[in-house]
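S.K.: Fold the following, please.
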Amino acid sequence: RSTLFPYMTLFRSTALVRRHRGLAVTAVLGFIAIAAALYVGTRWHSLPTPQPTASSIEDLQITPLTSTGTASAPAISPDGKYVAYTQREGNTANVASLWIRQIDTGSQVQIVPPEVPGTRISGATVTPDGGFVDFTRAYNTILRQELWRVPFLGGKPKKLLESLVSAVGWSPDGRHIAFLRTLELFQSTALVVADADGSHERQVAVRKAPAEFSVYGTRPAWSLDGRVVAVLGSDSPGGAVTQQVVAVDVATGAERILPVRLEFAGFGPAWLDPGYLAVSGS
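M.R.: Sure thing, here's the model as predicted:
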């Protein structure tokens, strides 16, 4: 059984934001107006029923971290002290650089310089040990993105995976990554799990058209016990498209589908606790 708990909030931010009072730090991209935050409550197998929390929406405080209006695809470090993000350079949408910013002090450093025109970087994810930043790199001449890894404070990037189409999500124990990939000339999409270095890939679940996993502008999210990966998806069996949150059992590939009535935005979904997910959209 699943229940939906919508909470409407309307605002526009031209900066990355953070959450206070010991709550999980969350970031959103400037120039994206989040029209609604949808909290999806669900149980999966023997996941415990989440306990009520004293925290509320009033605990949120908006704090500008950037002021350029060109920052995107933010990711918080595991210790909550840093944010990695891409920044559009000049007036060209497909030229970007990768940055690390210390949240409390405002200090920042560019760890990947601007790419040549025709190259796009996005999907930053800080590794669980805080030592590296994973990011996706795409070229106008290549349909699929590549996964690269760069030291946290800069250095020579290393390519880990090809034929990748989404940012990566890390398992809680830091031993595996999950990502999405298109197959069969875009006729199907797959959720793939691999070791931390990109080796030993395993397809966990495959969706064939018209059903699909939403591969662009999203990141798989592991549950806190590492048993379930939540991803965004859609289906249109009767012609009308239905947006979905899909919870996939990593061991069996079984899917739990939660239809939602919104257009997704951001790099969700995200687990709030063992039994609740949050997604953003309008």
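S.K.: can you give me the helices in the protein?
M.R.: Counting by DSSP state H, the chain has no helices at all.
S.K.: how much space between R261 and A71?
M.R.: According to Cβ to Cβ, to the nearest Å, R261 and A71 sit 29 Å apart. C-beta here means a position set from N, CA and C on the backbone, and glycine is covered the same way.
S.K.: Compare these two and say which is more crowded by neighbours.
M.R.: Set R261 next to A71 and count neighbours by other Cβ atoms under 10 Å: A71 wins out with 24 against 11.
S.K.: My understanding was that that one contacts Q87; is that so?
M.R.: Yes - if you go by Cβ atoms under 8 Å, A71 and Q87 touch, sitting 5.3 Å apart.
S.K.: overlap in contacts of these two?
M.R.: Among the neighbours of A71, those also in contact with Q87 (Cβ atoms under 8 Å, 6 or more residues apart in numbering) are W99.
S.K.: Would you confirm that L191 contacts P220?
M.R.: Yes - between L191 and P220 a contact is recorded at 6.6 Å, counting by Cβ under 8 Å.
S.K.: what sits in contact with each of those two?
M.R.: Shared contacts of L191 and P220, defined by Cβ under 8 Å, 6+ apart, are found at A178, F179, L180, V229, V231.
S.K.: Next up, the contacts around the fourth one.
M.R.: What it means is V229. Contacts for V229 (Cβ under 8 Å, 6+ apart) come out as G169, A178, L191, V193, V204, P220, A221, W222, S223, A247, V248, V250.
S.K.: Now for those: which two are most distant?
M.R.: V193 and A247 (14.5 Å; Cβ to Cβ).
S.K.: more neighbours, the two?
M.R.: The neighbour count for V193 versus A247, taken as other Cβ under 10 Å, is higher for A247 (24 against 21).
S.K.: list the contacts for the more buried one?
M.R.: Contact analysis of A247 by Cβ under 8 Å, 6+ apart lists T42, W44, S223, V228, V229, A230, E255, R256, I257, L258, L277.
S.K.: Mark which of the residues you listed are buried, thanks.
M.R.: Among the contacts of A247, those classed as buried by 16 or more other Cβ atoms under 10 Å are T42, W44, S223, V228, V229, A230, E255, R256, L258, L277.
S.K.: From those residues, pick the one nearest G198.
M.R.: For these, the nearest to G198 is V229 (16.6 Å; Cβ to Cβ).
S.K.: in the stretch 1-150 of the chain, which segments are predicted with low confidence?
M.R.: 1-57, 90-94, 118, 140-143 (pLDDT under 70).
S.K.: show me where the stretch 151-282 of the chain has strands.
M.R.: Here the stretch 151-282 of the chain has its strands, by DSSP state E, counting those that start in this stretch, at 158-164, 169-170, 176-183, 188-195, 202-208, 212-213, 221-222, 228-235, 242-249, 255-260, 264-273, 276-281.
S.K.: Would you mind saying which of the ones you listed lies nearest P128?
M.R.: strand 169-170 (5.3 Å).
S.K.: What pairs with the closest one, parallel or antiparallel?
M.R.: Sheet pairing here is set by DSSP bridges, and for strand 169-170 it gives strand 176-183 (antiparallel).
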